[in-house]
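**Q** The sequence isn't on hand, but the structure is:
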């Protein structure tokens with residue numbers, strides 16, 4: 001019996017082949033072999049000639065939403081190889097991943113190969129699924145193959161069609177009414193709205209302030225900190241007592257609000273008071289371990305502990321799965337198999353001792369209504385879990401495996417037992433409270449503490465014991481400090497907390513969250529600042545338009561209901577075609593409504609944002625957001641610096657931006673040689689000096705950006721003249737050729753222009769001034785070796801020949817980091833990967849992904 005087994009990637013193929021019976025050959029499809037057209041260039045000529053209205057969509061809305069599938073150019077050779085290897089085989093086994101995406105890949109493969117299947121000797125077509133790549137799992141899968149599940153295929157196809165319909169229908173409207181280059185998406189737009197809603201909360205937030213006292217008390221050698229709780233029987237106000245919208249104490253709250261003066265007067269009064277223990281209260285609690293990882297929780301913890309983005313976390317998890325270290329990483333189920341629980345329990349006994357093992361296996365059940373995809377949580381693969389230190393892994397692969405191993409093992413450990421102690425201390429009419437905590441039994445804390453990298457260290461951090469004290473005991477006051485506090489605005493989303501929010505709301509599928517978060521950043525809707533997601537002014541404009549005219553598409557309930565319908569299609573409980581027709585066609589369908597709105601919406605309506613309490617509008621321009629206001633008959637504009645977010649733009653900043661522009665537009669003087677005015681101006685990317693005025697029909701005047709760290713107040717006429725002289729010559733190099741200094745978009749530099757025509761560059765350091773630098777210093781910098789670069793022609797490693805054309809695949813170190821090279825295609829190495837650890841299979845995957853991206857070109861509109 002001979003069989004051809006098709007999987008998605010070379011790594012998976014390499015791992016699986018050792019577990020298959022004799023006569024089974026494995027080949028990788030390199031992902032999807034068919035897809036909807038990504039650009040106009042992909043659309044077949046016969047369809048272009050007929051000028052079909054649906055051609056740009058890639059979906060025939062006139063013929064039951066029939067997708068127009070095309071085979072990307074980079075997949076033609078892969079398909080030829082598969083067809084060649086299929087000849088003479090008795091079986092075709094489609095072994096792509098077990099989720100909807102994998103089911104869809106198998107179906108597309110079969111559709112592409114169907115015409116080449118032998119007619120005389122029918123070949124057996126089988127679908128093989130497994131959730132881990134181990135010998136036992138593969139043998140079980142070989143013995144229990146099935147047919148392709150068309151309900152899963154229809155669910156995936158409907159999702160893909162919906163994403164295309166939303167993205168390609170709404171995006172052109174956004175281009176015309178908001179800004180070019182942005183897009184809409186079924187999950188993407190809802191995600192952006194969640195970020196905008198949070199930013200609106202921050203904008204509406206009013207800060208409240210309050211004071212309290214912190215006492216440092218002692219009894220013999222023991223000491224403790226106690227915080228003021230009440231004065232005269234009235235509880236002191238804390239942050240939770242404030243109304244976020246007013247900055248005042250919430251109505252109905254019977255609390256005492258201390259100001260700075262009152263707090264300091266109270267501290268003076270209590271300096272001579274008698275301090276004694278009033279009473280002590282102790283409560284015990286138990287804490288259970290978290291459920292094993294599913295896709296979303298793995299992304300959240302990887303972000304918190306390893307600082308990995310959702311996309312990077314999934315890439316590392318994919319590699320671990322394909323190498324046989326973990327089970328399938330796209331899953332909504334927290335279920336653990338009996339085999340997995342047995343393996344975890346063995347690890348608990350051997351590593352931590354039987355006293356940490358639960359009396360019976362702890363079982364978890366999924367709470368999500370739409371839980372589907374794979375049937376088990378993410379865990380170490382196999383009947384015996386390989387210890388992290390024995391895997392041979394390194395970098396992020398080892399760190400993520402260690403995280404998964406500990407989380408899984410912790411599920412079978414006993415609960416942690418804690419003691420919480422509250423000590424009340426009396427001083428005159430004031431009550432102070434000291435709180436402590438002791439760990440009575442660490443339980444699963446020994447293995448895993450959520451949000452912590454080091455469980456042992458975390459155990460120490462979790463303990464804050466209080467000294468043994470009895471009611472009536474007197475304490476000595478060591479220090480009494482009045483402390484001021486301000487309430488904080490609602491926290492912005494991080495990538496991890498946005499993933500959690502999307503999952504809680506039932507929006508999209510966890511397997512798509514990484515792509516969604518990457519897309520909203522690429523489209524300019526979000527900037528990352530201090531690990532938080534900050535929506536831009538363009539995001540506000542886009543959300544405003546959709547809220548006003550397509551409110552259901554950015555409504556979390558509507559989107560969650562849509563997701564439930566897609567789940568019902570997957571289970572065969574709903575029909576996909578009627579759903580698509582209702583959504584897209586007819587007077588209330590998306591197509592007709594978008595057409596009508598394109599005519600109705602004024603071009604400038606949503607390019608102007610009006611924030612309350614600001615005396616200027618925020619406008620979305622071709623070169624970024626800017627302020628606009630009218631004074632008398634004069635319209636004034638000023639670019640908003642890129643670092644200012646919507647929530648941070650208050651009236652004070654608006655006034656400052658206009659003032660800086662007006663000041664910057666003042667003439668510094670006249671150039672002594674050219675007799676042209678010299679200006680200090682402020683643009684979208686910061687301040688710069690300009691020689692001459694902008695005149696229609698003439699070349700743009702020379703402009704030089706201020707060096708990093710130089711303030712506008714430091715720029716006088718002399719400084720401006722030096723900047724405008726850049727690049728300027730400092731002198732001649734001892735080896736011949738001039739030495740110059742200048743400013744580029746990468747910063748200040750010095751360069752040696754050699755006599756042979758080549759140039760040798762070095763960056764100036766923070767300590768170097770481009771105004772004051774002399775030739776001697778420039779020569780000193782040029783004498784230093786360039787950091788972190790090798791010649792482009794010098795390969796770090798030869799990985800082998802490419803299977804398609806036998807050209808060498810090599811690793812290089814370029815200006816932007818490590819990359820693999822094949823012909824004219826370069827693909828960057830992930831940050832944590834070293835040149836020594838790269839395999840030929842990995843390089844082929846990266847190169848294939850890069851080629852696929854090149855093939856799509858520009859013009860992508862909507863994505864999830």
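**A** Right, received. Where do you want to start? Owing to the predicted nature of the structure, the values given are computational and were not obtained by experimental measurement.
**Q** my guess is residue 382 meets residue 133, correct?
**A** No: contact between residue 382 and residue 133 fails when scored by C-beta atoms under 8 Å: they sit 9.4 Å apart. Every residue, glycine included, has its C-beta placed from N, CA and C.
**Q** Those two - which one has more neighbours?
**A** Taking residue 382 and residue 133 together and counting by other C-beta atoms under 10 Å, residue 133 has the greater number of neighbours (25 against 20).
**Q** Now do the more buried one, the pLDDT please.
**A** pLDDT recorded at residue 133 is 92.
**Q** so what's it up against?
**A** The contact partners of residue 133, by C-beta atoms under 8 Å, 6 or more residues apart in numbering, come to 12, 15-16, 19, 321-324, 381.
**Q** Show me the two of the residues you listed that sit farthest apart.
**A** Across those, the two members that end up farthest from each other (C-beta to C-beta) are 19 and 321, 14.4 Å apart.
**Q** Between these two, point out the one with more neighbours.
**A** The residue with the greater number of neighbours, taking residue 19 and residue 321 and applying other C-beta under 10 Å, is residue 321; the counts read 23 against 18.
**Q** What number of residues are in the vicinity of residue 46?
**A** By the other C-beta under 10 Å criterion, the neighbourhood of residue 46 contains 8 residues.
**Q** Residue 330 now?
**A** Residue 330 is flanked by 24 other residues according to other C-beta under 10 Å.
**Q** From residue 711, how far off is it?
**A** In this structure, residue 330 and residue 711 are separated by 51 Å, where distance is defined by C-beta to C-beta, to the nearest Å.
**Q** Let me see the contact set for residue 394.
**A** When contacts are counted by C-beta under 8 Å, 6+ apart, residue 394 touches 834, 837.
**Q** same question, the one 4 residues further on
**A** By C-beta under 8 Å, 6+ apart, residue 398 lies in contact with 388, 391.
**Q** On the pLDDT front, check it for me.
**A** Taking residue 398 on its own, its pLDDT is 95.
**Q** The one 5 residues further on too?
**A** Predicted confidence (pLDDT) at residue 403: the value is 96.
**Q** contacting residues for it?
**A** Contact analysis of residue 403 by C-beta under 8 Å, 6+ apart lists 298, 301-302, 305-306.
**Q** For stretch 416-430, buried residues please.
**A** Of the residues in stretch 416-430, 416-418, 421, 423-427, 430 count as buried by neighbour count, 16 or more other C-beta atoms under 10 Å.
**Q** Of those residues, which belong to strands?
**A** Among the buried residues of stretch 416-430, the subset assigned to strands under DSSP state E consists of 416-418, 421, 423-427, 430.
**Q** Now, of the contacts of residue 403, which are buried?
**A** 298, 301-302, 305-306.
**Q** which SS state does the closest residue in space to residue 763 that isn't next to it in sequence fall under?
**A** Among residues not flanking residue 763 along the chain, residue 749 sits closest, at 5.5 Å (C-beta to C-beta, 6 or more residues apart in numbering). Following DSSP: H, G, I helix; E, B strand; the rest coil, the label given to residue 749 is strand.
**Q** Wait, residue 749 touches residue 760, no?
**A** No: the pair formed by residue 749 and residue 760 falls short of the contact definition of C-beta under 8 Å, at 10.5 Å.
**Q** higher neighbour count, these two?
**A** Neighbour totals were compared for residue 749 and residue 760, and residue 749 leads with 18 against 14 (other C-beta under 10 Å).
**Q** which ones are touching that one?
**A** Contacts of residue 749 were listed using C-beta under 8 Å, 6+ apart, and they are 741-743, 761-764.
**Q** For residue 726, see how far away it is.
**A** According to C-beta to C-beta, residue 749 stands 10 Å off from residue 726.
**Q** of all the ones in strands among the buried residues of stretch 416-430, which comes closest to residue 557?
**A** Distances from residue 557 to those, taken by C-beta to C-beta, are shortest for residue 416, at 37.3 Å.
**Q** Tell me which residues touch that closest one, please.
**A** For residue 416, the contacting residues are 286-287, 439, 441-445, taking C-beta under 8 Å, 6+ apart as the criterion.
**Q** Narrow those to those in strands?
**A** Using DSSP E, 286-287, 439, 441 are the members of those that sit in strands.
**Q** In the residues you listed, find the pair that's most separated.
**A** For the ones in strands among the contacts of residue 416, with distances taken as C-beta to C-beta, the pair at the greatest spread is 286 and 439 (11.4 Å).
**Q** what about these two, which has more around it?
**A** A side-by-side neighbour count of residue 286 and residue 439, using other C-beta under 10 Å, places residue 439 first with 17 against 12.
**Q** Okay, and the beta partners of the more buried one?
**A** Using DSSP bridges, the beta-bridge partners of residue 439 come out as residue 418.
**Q** Isn't it up against residue 446?
**A** No: if you go by C-beta under 8 Å, residue 439 and residue 446 don't touch, sitting 10.3 Å apart.
**Q** Skip ahead from the lowest-mean-pLDDT helix or strand in the chain and say which helix or strand is next.
**A** Ranking every helix and strand in the chain by mean pLDDT, DSSP states H and E puts helix 455-462 at the bottom, with a mean of 51. Once the chain leaves helix 455-462, the next helix or strand it forms, by DSSP states H and E, is strand 474-486.
**Q** Give me the residues contacting that next one.
**A** In this structure, residues lying in contact with strand 474-486 by C-beta under 8 Å, 6+ apart are 207-219, 223, 239, 260, 263-264, 266-267, 270-271, 273-277, 425, 427, 469.
**Q** Next step: those residues restricted to strands.
**A** Taking DSSP E, the ones among the contacts of strand 474-486 that sit in strands are 209-219, 223, 275-277, 425, 427.
**Q** Tabulate the contacts of residue 133 (a markdown table), appending secondary structure.
**A** What follows is these, written out as a markdown table (three-state DSSP):
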| residue | secondary structure |
| --- | --- |
| 12 | helix |
| 15 | helix |
| 16 | helix |
| 19 | helix |
| 321 | helix |
| 322 | helix |
| 323 | coil |
| 324 | coil |
| 381 | coil |
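**Q** of all the residues you listed, which comes closest to residue 805?
**A** The shortest approach to residue 805 among the contacts of residue 133 belongs to residue 12, at 23.3 Å (C-beta to C-beta).
**Q** Chain neighbours aside, what residue packs nearest to that closest one?
**A** With C-beta to C-beta, 6+ apart as the criterion, residue 12 has its nearest non-adjacent residue at 4.2 Å, and that residue is residue 322.
**Q** Tell me how far residue 650 lies from residue 247.
**A** When C-beta to C-beta is the yardstick, residue 650 and residue 247 sit 14 Å from each other.
**Q** meant to ask about residue 481
**A** Spatial separation of residue 481 from residue 247 under the definition C-beta to C-beta is 24 Å.
**Q** ditto for residue 81
**A** Remark: distance between residue 81 and residue 247 (C-beta to C-beta) = 67 Å.
**Q** burial count for residue 410?
**A** Other residues near residue 410 come to 27 when the count uses other C-beta under 10 Å.
**Q** Looks like residue 65 contacts residue 58 (just checking).
**A** No: between residue 65 and residue 58 there is no contact, the gap being 10.9 Å when judged by C-beta under 8 Å.
**Q** If you count surrounding residues, which of these two has more?
**A** Taking residue 65 and residue 58 together and counting by other C-beta under 10 Å, residue 65 has the greater number of neighbours (24 against 21).
**Q** would you turn the ones in strands among the contacts of residue 416 into a markdown table with distance to residue 54 and pLDDT?
**A** As requested, these are arranged in a markdown table below (distance: C-beta to C-beta, whole Å; pLDDT from 0 to 100):
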| residue | distance to residue 54 | pLDDT |
| --- | --- | --- |
| 286 | 60 | 94 |
| 287 | 56 | 93 |
| 439 | 64 | 91 |
| 441 | 65 | 93 |
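**Q** what about stretch 377-389, start to end distance?
**A** According to C-alpha to C-alpha, to the nearest Å, stretch 377-389 extends 22 Å from its N-terminal end residue to its C-terminal end residue.
**Q** Next, the buried residues of the host helix or strand of residue 347.
**A** In this structure, residue 347 sits in helix 338-351 according to DSSP H and E. Neighbour-count burial for helix 338-351 flags 339-341, 343-348 (criterion: 16+ other C-beta under 10 Å).
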